[in-house]
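S.K.: A predicted structure for the sequence below; I have some questions about it.
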Number of protein chains: 4
Amino acid sequence: MSDTATLLIHCPDRPGLVHDVTGFIFAHKGNIIDLQQHIDPVENVFFMRLEWSLENFTLEKSEIYDRLQPMTRRHEMQVGLHFSTQRRRIALFVSKEGHCLYDLLARHEAGDLPVDIPLIIGNHETLRPAAERFGVPFHHFPITRENKLAQEAAQINLLKEQGIDTVVLARYMQIISPAMIAAFPNQILNIHHSFLPAFVGAKPYHQAHERGVKIIGATSHYVTSELDQGPIIHQDVMRVSHEDQVHDLVRLGRDLEKTVLAKALWWHAHNQVLVYRNKTVVFG
Amino acid sequence: MSDTATLLIHCPDRPGLVHDVTGFIFAHKGNIIDLQQHIDPVENVFFMRLEWSLENFTLEKSEIYDRLQPMTRRHEMQVGLHFSTQRRRIALFVSKEGHCLYDLLARHEAGDLPVDIPLIIGNHETLRPAAERFGVPFHHFPITRENKLAQEAAQINLLKEQGIDTVVLARYMQIISPAMIAAFPNQILNIHHSFLPAFVGAKPYHQAHERGVKIIGATSHYVTSELDQGPIIHQDVMRVSHEDQVHDLVRLGRDLEKTVLAKALWWHAHNQVLVYRNKTVVFG
Amino acid sequence: MSDTATLLIHCPDRPGLVHDVTGFIFAHKGNIIDLQQHIDPVENVFFMRLEWSLENFTLEKSEIYDRLQPMTRRHEMQVGLHFSTQRRRIALFVSKEGHCLYDLLARHEAGDLPVDIPLIIGNHETLRPAAERFGVPFHHFPITRENKLAQEAAQINLLKEQGIDTVVLARYMQIISPAMIAAFPNQILNIHHSFLPAFVGAKPYHQAHERGVKIIGATSHYVTSELDQGPIIHQDVMRVSHEDQVHDLVRLGRDLEKTVLAKALWWHAHNQVLVYRNKTVVFG
Amino acid sequence: MSDTATLLIHCPDRPGLVHDVTGFIFAHKGNIIDLQQHIDPVENVFFMRLEWSLENFTLEKSEIYDRLQPMTRRHEMQVGLHFSTQRRRIALFVSKEGHCLYDLLARHEAGDLPVDIPLIIGNHETLRPAAERFGVPFHHFPITRENKLAQEAAQINLLKEQGIDTVVLARYMQIISPAMIAAFPNQILNIHHSFLPAFVGAKPYHQAHERGVKIIGATSHYVTSELDQGPIIHQDVMRVSHEDQVHDLVRLGRDLEKTVLAKALWWHAHNQVLVYRNKTVVFG
């Protein structure tokens, strides 16, 4: 992977924004590799993703953020700055179903997912062997109604100790409480096994079968305090038939869940996702 | 089109049903062209669609239904009997948007939709020129809160006079009242511009934009007394992006609406749709 | 539609290109609405599409191209400059099948295709009534082996007289000869009824059925001197089954052909397509 | 899994075939669960898949095939007879890329692939650790131009010893020689990383990138003596963009390869695939 920096920016629109930002890059001998910019004409908001090569860049990585401040303040910009060499550190949360876990671990091993995965957390022991096969430490945090808050506090400590920046709920069948959400704002990815906003909550495949839909879906979104209401990152769907029983939908849907979550995580890890209000801009 | 008959059957499952029905066909020298049969193992219901050639069949069309009675009574079968030579007679209901109307009329003219379209009903005059271009009589029934029931009664009379058996709501922006639904049970097809059950009711594209979904959809269903809750016949979806404004979704969605409605009507016209409870079995 | 200008640029990559171009826009008080830029790292080529509002722009439209020259020469840029107010003038070429023609005319009438369609050319009289229904002049140019070159010369004259800039082959079943291609370089869109490069040439649905594929496709591309080998603009596919005969593929495929051609034309008309070597960059 | 038997039949069409076969089932107290039958009207061939419950069936499994003989001979039927309790025994052939292997092993472990996988064969040692993680014996058969035939003979012996009935080439980058094909006719599944018949042979993603296609695909087919020309079981596709380099296509395509191969193997393992000439009938 080449040595690049990425800016994710949104701010009120006005003339000259692109010129200003690219002027900063050019002044320090950066070469822009990829730039995508558009305006929301209804909200009058400017959105931009800009990635540039650091090969001949004359600023140190550690200086860049501070040096951007005068410009970002002047334009009231919200800015995210990321470096390709600084890989995301991911914690995978699992329960009993292993399809998303295996899928992510196999992608990671094949070099198709440029993140670090220092640990896996399970509320059951079921997937410890899967974690161990891939040499990733597995931490068991059994959850009961009584211990839930204490266990989550312990999880947060562990995540912070390990320098985790992103949590992936890989079919973790627990509702995340506010403390965890506050500790990782827009950094917790969930996979919901329906085409949101259809079939919110429990047993979406049962709901889908009951309604007689002809297509099922899966949705990856950032977790917010409202269940299944966070900003959607990615969705995909699959055709089903009247012959498919609930257990068929469950089985077929796993392929959607795996690929949708992996794709969302890919975009997140490549700093292609910008959250604005309760939606995402995914720079493709 | 060849001269065939089609049976659509459902009943409690028991051994020998296929053998019994095919025995009836064979005894009268019919040749089966297409047979699809399956069991719902949870409900223990038998579903079958059977189409056979009438070329050497020894019964008159008019005799078949009566001659089937002993068997269908014995097995408590619900039976639909249709003949390929007896084309569906369709009334198209429209409002102001013409994309579904043009699409269906162009398919019909090209010979791709083997139905008769003796009339078009509009609650506005907007699409009269479109109807006239294709030589189909256009009837204007302006609807107000006051005249709605009276106008629908007049519509039902017109449809009955014209021997209409199927009503297609081709973006007809009125809620159909119970009398019409009762007059054409499971014979009124609607196209809803969302992926049901997401975004029921008015302005689904606005709702979709507000929620920030990454995929939009369209759904064709039979109209029942509950708004947008009838048995789903067909659905399809399309990927959209954060750059698409509501008016883009409206424009893009028209392609879905056209093809989903046309496909549902194709299946309906070919007697491939069986309604059971609030779902459809679509024999593909 | 708002009053905007669009630049499509490619050139050898070097630092500062975006800054230079956006500097030109900013210096004349333009506001950028949409900018997409990327590098081909293998070829080291810079690609950009930039659209800006002309509302407060201080240059006349007629001046812009000349004033860009110093910059474009300095960077060896290939530049296309387009204005939203200058609608494309399209000639539709048809033969006997009307599905693409009706589809484009209905979109146009609904305001979904912001182009002018001053004329339709047919090598048969079959679709004259369709053209007349929508009030578009229809010109009949019967083609034989003997008169082909003379007829194409007459067609070119007519197109030039009418100020046509884009030719759309809407299932026009004739091979276009070099003079026409030279007169409209990368301005002739074709729809081929297969998933290119599979099933080049005649009767692609027959070829697809013979091979037993499970998916059929359609491809819209710019016409070049090699049959079905031009730069691909858009493709789409549809699942089929072993029960589909050739005539079913023909019927089903029409929906693909219509939507793929309409989408390609939409992108072309909105100046979102840049041709580089024998490929397209479609700025989505 | 319930105890069922499945018949796959094709023969020249004539009246009474369904009645005859279902009469055999009914006479021995079988209950039909699923029946699909259609005619190819061009070739006048009858195709049928019939699955019935053996719960109260009065014949032993071992008797059924012989007892069918009078009927199948009378109608010149080609018949396949399979039992749900007799799971397919699969050998996975791999080379260096593990994505299909991991995908199939994870599905198998999750109970989503009702087959036995007694062994994995690799022409490299690369994936031995992957096999060992899932506890499946790994056999290394290094292949050179000189030893190829001898190694394949040894492979065939091993497969026969182990009672293997199906070979799955899970990105095995070797051409299979005629002896192997003859030993497992229509029982060797391959995954080709293109949308066949486009991009036959080596490096299909390079070919796709060179041609500038907007969609890539994967195809699973039975292996025959002509390279990439065998009967197609399943295909799927994915949209790509001009920004995707060859290595992106390789990475993205893996998701297609995994799901297409797994789906084809699912249908094969459930006796839903009938080969006729060089095509498949997939009873969905």
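M.R.: Great, that's in hand.
S.K.: and the nearest residue to A:Val250 once chain neighbours are set aside, its phi and psi?
M.R.: Counting by C-beta to C-beta, 6 or more residues apart in numbering or on different chains, A:Val250 lies nearest to A:Tyr205, which is 5.2 Å off, once chain neighbours are set aside. (Each C-beta comes from the backbone N, C-alpha and C, glycine too.) Main-chain torsions, A:Tyr205, degrees, to the nearest 10: phi -70, psi -30.
S.K.: A:Ala106 now?
M.R.: phi -70, psi -40.
S.K.: over to A:Phe141?
M.R.: phi -120, psi 90.
S.K.: burial check on A:Asn147, number of neighbours?
M.R.: A:Asn147 has 12 neighbouring residues, counting by other C-beta atoms under 10 Å in any protein chain shown.
S.K.: who in the stretch 1-150 of chain A is up against chain D?
M.R.: Residues of the stretch 1-150 of chain A lying close to chain D (C-beta under 8 Å from any C-beta of the partner chain) are A:34, A:97-99, A:102-103, A:106-107, A:109-110, A:112, A:133-134.
S.K.: the helix or strand containing A:Met238 near chain B anywhere?
M.R.: According to DSSP states H and E, A:Met238 maps onto strand A:232-239. Yes: judged by C-beta under 8 Å from any C-beta, strand A:232-239 comes into contact with chain B at A:232-237.
S.K.: adding neighbour count and pLDDT, write the residues you listed out as JSON lines.
M.R.: JSON lines is the format used below for the residues of strand A:232-239 next to chain B (neighbours: other C-beta atoms under 10 Å in any protein chain shown; pLDDT from 0 to 100):
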{"residue": "A:Ile232", "neighbour count": "24", "pLDDT": "98"}
{"residue": "A:Ile233", "neighbour count": "27", "pLDDT": "98"}
{"residue": "A:His234", "neighbour count": "25", "pLDDT": "98"}
{"residue": "A:Gln235", "neighbour count": "23", "pLDDT": "98"}
{"residue": "A:Asp236", "neighbour count": "20", "pLDDT": "98"}
{"residue": "A:Val237", "neighbour count": "23", "pLDDT": "98"}
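S.K.: tell me which parts of the stretch 51-200 of chain A are close to chain B?
M.R.: Residues of the stretch 51-200 of chain A lying near chain B by C-beta under 8 Å from any C-beta: A:195-199.
S.K.: and the top helix by length along chain A, what does it pack onto?
M.R.: When chain A is parsed with DSSP state H, its longest helix is helix A:246-269. Contacts defined by 3 or more C-beta pairs under 8 Å, 6 or more residues apart in numbering or on different chains; DSSP states H and E place helix A:246-269 against helix A:99-109, strand A:166-169, strand A:188-192, helix A:204-211, strand A:215-222, strand A:232-239, helix D:246-269.
S.K.: so can I have CSV of those showing distance to A:Gly30?
M.R.: Converted to CSV, the helices and strands packed on helix A:246-269 look like this (distance: least, C-beta to C-beta, whole Å):
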stretch, distance to A:Gly30
helix A:99-109, 30
strand A:166-169, 26
strand A:188-192, 30
helix A:204-211, 46
strand A:215-222, 30
strand A:232-239, 28
helix D:246-269, 23
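S.K.: quick one: closest of the ones you listed to A:Pro12.
M.R.: With C-beta to C-beta as the criterion, A:Pro12 lies closest to strand A:215-222 of the helices and strands packed on helix A:246-269, at 23.6 Å.
S.K.: parallel or antiparallel, which strands does the closest one pair with?
M.R.: strand A:188-192 (antiparallel), strand A:232-239 (antiparallel) (DSSP bridges).
S.K.: now render these as CSV, adding distance to D:Asp228.
M.R.: Listed next are the strands paired with strand A:215-222 as CSV, based on distance: least, C-beta to C-beta, whole Å:
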stretch, distance to D:Asp228
strand A:188-192, 35
strand A:232-239, 27
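S.K.: wait, which of the ones you listed is closest to D:Thr22?
M.R.: strand A:232-239 (29.7 Å).
S.K.: phi and psi next, for A:Tyr172.
M.R.: Dihedral pair for A:Tyr172: phi -90, psi 110, per degrees, to the nearest 10.
S.K.: name the element the nearest residue to it once chain neighbours are set aside belongs to?
M.R.: Distance criterion C-beta to C-beta, 6+ apart; nearest residue to A:Tyr172, sequence neighbours excluded, is A:Phe93 at 3.9 Å. Using DSSP H and E, A:Phe93 sits in strand A:89-94.
S.K.: run through the neighbouring helices and strands of that strand.
M.R.: Secondary elements touching strand A:89-94 (3+ C-beta pairs under 8 Å, 6+ apart): helix A:99-109, strand A:116-122, strand A:166-169.
S.K.: out of those, which is closest to B:Leu119?
M.R.: Here helix A:99-109 is closest among the helices and strands packed on strand A:89-94 (C-beta to C-beta), at 53.1 Å.
S.K.: could I get the helices and strands packed on strand A:89-94 as TSV with mean pLDDT and mean neighbour count?
M.R.: Output for those, formatted as TSV (pLDDT from 0 to 100; neighbours: other C-beta atoms under 10 Å in any protein chain shown):
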stretch	mean pLDDT	mean neighbour count
helix A:99-109	96	23
strand A:116-122	98	21
strand A:166-169	98	24
